[in-house]
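Q: Any chance you could fold what I've pasted below:
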Amino acid sequence: RLSEGLNRKRLARETIMVGTNRIPGAKQSPKCLVIAGTHSGVGKTTIALGLMAAFKNRGIIVQGFKVGPDFIDPGHHTRLLGRASRNLDGWMLSREYNQETFFQSMQGKDLGIVEGVMGLFDGYEGRSEAGSTAQMAKWLNAPVILVVDARSMARSIAALVHGFKTFDPDLPLEAVIANR
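A: Residues are numbered from 1 along each chain as shown. Below is the predicted model:
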């Protein structure tokens, strides 16, 4: 494609396959994607950092985010991107505060990458989505990429992903990465 006369930055921008977020009250619609996992330890941080680096290397201005009160992963985002990663937390902070933090942080950026916490539907407690990555993805109207530990699996991964896809029909689960 580069030989067709497109410059690298334009090509990279055109290949970002993410939805346009509609946040109530927002003046513009920032683009972002959420990196979620089936559970902790599936490689969310590695995938998120890899995507951040790949987009940055293509001239895309990336803003990092982390769901939950974590400070280690945002430190990795910050070091890689050269700008502070922001925490988003649906249990301790209001929907409005999270959306405003997201919107303010996205000013002048091309793409937000939100690294999830634990498993996609795991949050403060097991009876609701409070504090979960799923809750944040819905608040931001952001497409979700699900990271699955596919070690020692074949066809069973389809059943697992089907369960995640159908568990919450309001969640925009758009892609899967089979890791390991």
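
Q: alpha carbons only for contacts and neighbour counts from here, please
A: Noted.

Q: what are the phi and psi angles of residue 49?
A: Dihedral pair for residue 49: phi -60, psi -40, per degrees, to the nearest 10.

Q: How about it, nearest residue that isn't a chain neighbour?
A: Spatial nearest neighbour of residue 49, chain neighbours left out: residue 77 (6.7 Å); criterion: C-alpha to C-alpha, 6 or more residues apart in numbering.

Q: With residue 170 instead?
A: Among residues not flanking residue 170 along the chain, residue 138 sits closest, at 7.4 Å (C-alpha to C-alpha, 6+ apart).

Q: who touches the helix or strand containing that neighbour?
A: Secondary structure assignment for residue 138, by DSSP states H and E: helix 133-140. The contact list for helix 133-140 (C-alpha atoms under 8 Å, 6 or more residues apart in numbering) reads 21-23, 34, 36, 67, 88-90, 95, 99, 116-117, 119-123, 129, 143-144, 170-172.

Q: Please indicate which of those residues are buried?
A: By neighbour count, with 16 or more other C-alpha atoms under 10 Å, the contacts of helix 133-140 hold 21-23, 34, 36, 67, 88-90, 95, 99, 116-117, 119-123, 129, 143-144, 171-172 as buried.

Q: I'd like to know which of these are part of helices.
A: Among those, the members found in helices (DSSP state H) are 95, 99.

Q: ok, how many other residues are close to residue 156?
A: By other C-alpha atoms under 10 Å, the residues close to residue 156 number 11.

Q: what does the helix or strand hosting residue 47 contact?
A: Element membership of residue 47, judged by DSSP H and E, is helix 44-57. Residues from elsewhere that reach helix 44-57 (C-alpha under 8 Å, 6+ apart): 12, 35-37, 61-62, 64, 73, 76-77, 80-81, 113-116, 147.

Q: Then stretch 154-166?
A: Against stretch 154-166 from outside (C-alpha under 8 Å, 6+ apart): 148, 150, 171, 173, 176.

Q: okay but the residue nearest to residue 49 is in contact with residue 71, surely?
A: No: counting by C-alpha atoms under 8 Å, residue 77 stays clear of residue 71, with 10.1 Å between them.

Q: Look at these two and report which has more neighbours.
A: A count of neighbours by other C-alpha under 10 Å puts residue 77 above the other of residue 77 and residue 71, at 26 against 12.

Q: Look at that one and tell me its secondary structure.
A: Classification of residue 77 using DSSP: H, G, I helix; E, B strand; the rest coil returns helix.
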